[in-house]
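Colleague: Pasted the sequence and its predicted model underneath.
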Amino acid sequence: MDSIVVVKVVMPEESLPQGIEGEVISVYTVKSIFDGMKKTYMVESKPYALEEACTVWEGVLIDQKEESTSTDMPLGTAIHNIEITLGKGGQLARAAGAVAKLIAKEGKSATLKLPSGEVRLISKNCSATVGQVGNVGVNQKSLGRAGSKCWLGKRPVVRGVVMNPVDHPHGGGEGRAPIGRKKPTTPWGYPALGRRSRKRNKYSDSLILRRRSK
C-alpha cells in the first residue's frame, strides 16, 4: 500500500511538477488513492489555513504538511500524527497544537520525544506528518458563558459531596459535610488522586525509554 503524501500548499491554478500525477483538492479532505478515492479527513497543520489548497500524490518528500516515514526525516524534525503500528494510521500527537520531535534513529527504531515529555521508540517505517498540529491556543479561548460550552457538548460536572450517598462515596451528611474518607475516590470507589492507571506488564513497556512528566 503506497502512502499518500501532502507535500506543499499550491493554488489551484498552479500546475504540478513534471513527472508527478495528482489532483489539487481542498485541504478539508484528502482523496485517498489507495482506498478507492474514498474521502478521508486529515489533521490540519499549523502553517496552513483551511481555506488554502494542497497537492496530494504518491511518494516521499521532505516538506511541510507532508506525510513520510521517520527513515527519511532528519534528526530534530518536528512531526505529528504519528503511527504506532505500521499501517494503522496516526495515533500520537494529534491534539490541537501538539508536536513531537525526532531525536534519534538506530537500527529499525526511531526515538521520539512526545508532547507529554515521554521518550519512546517506534518503528522507522511508521508514517508521520511534518510540522505542528494547527489550532494552537484553542484551550486558552474564553467561551464567555456556560451555554457556549454546552453547545460544544461539554456537560456540567457535579461534585460528589453534593450527591446522595447512593450516587457517590463522597455524598451524604447534614449540610456541608466532609467526604468521610482518608482519600478522595471516584464514583466507583477507586482512588481518585495519584494512582497509576496504566496496565501492568504492557507489551510497550520495553519501548518507553522515559516516562512522561507528571
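Modeller: The structure has been received and is ready for your questions. Numbers count the residues shown, from 1 in each chain.

Colleague: Not counting residues beside it along the chain, what's closest to Ser123?
Modeller: Once flanking residues are discounted, Ser123 sits nearest to Leu86: 5.9 Å by Cβ to Cβ, 6 or more residues apart in numbering. For the C-beta atoms, the positions are set from N, CA and C on the backbone; glycine is no exception.

Colleague: Would you list the phi and psi of that neighbour?
Modeller: In terms of degrees, to the nearest 10, the main-chain angles of Leu86 are phi -60, psi 130.

Colleague: what's the neighbour count on it?
Modeller: 12 (other Cβ atoms under 10 Å).

Colleague: contacting residues for it?
Modeller: Leu86 is in contact with Ser123, Asn125, Cys126, counting by Cβ atoms under 8 Å, 6 or more residues apart in numbering.

Colleague: Quick one: residues contacting Gly90.
Modeller: Val43, His80, Asn81, Ile82, Glu83, Ser127, Ala128, Thr129.

Colleague: again with Pro156
Modeller: The contact partners of Pro156, taken as Cβ under 8 Å, 6+ apart, are Ala146.

Colleague: one step back: which of the contacts of Gly90 sits closest to Arg211?
Modeller: For the contacts of Gly90, the closest approach to Arg211 (Cβ to Cβ) belongs to Ile82, at 18.1 Å.

Colleague: Any figure for the gap between the residue nearest to Ser123 and Glu118?
Modeller: 20 Å (Cβ to Cβ, to the nearest Å).

Colleague: now Pro191
Modeller: For Pro191 relative to Glu118 (Cβ to Cβ), the value is 23 Å.

Colleague: I'd like to know how many residues surround the residue nearest to Ala192 when sequence neighbours are not counted.
Modeller: Leaving aside its sequence neighbours, Ala192 sits nearest to Pro184 (Cβ to Cβ, 6+ apart; 4.2 Å). For Pro184, the neighbour count with other Cβ under 10 Å is 14.

Colleague: Now do the same contact list for Pro184.
Modeller: Pro184 is in contact with His170, Pro191, Ala192, Leu193, counting by Cβ under 8 Å, 6+ apart.

Colleague: Wait, the first one touches Gly160, no?
Modeller: Yes: distance between His170 and Gly160: 3.5 Å, which falls inside the contact criterion (Cβ atoms under 8 Å).

Colleague: the more surrounded of the two?
Modeller: Shown here are His170 and Gly160; by other Cβ under 10 Å, His170 has more neighbours (22 against 17).

Colleague: For Ala100, which non-adjacent residue is closest in space?
Modeller: Ala93 (4.4 Å).

Colleague: how about the helices of the protein, start to end?
Modeller: Under the criterion DSSP state H, helices of the chain are mapped to 146-151.

Colleague: remind me which residues of it are low pLDDT?
Modeller: Residue ranges of the chain with pLDDT under 70: 1-42, 47-72, 214.

Colleague: rewinding a little: any chance of a PyMOL selection covering the buried ones in the contacts of Pro184?
Modeller: For the buried members of the contacts of Pro184, the matching PyMOL selection, counting by 16 or more other Cβ atoms under 10 Å, is:
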select buried, resi 170
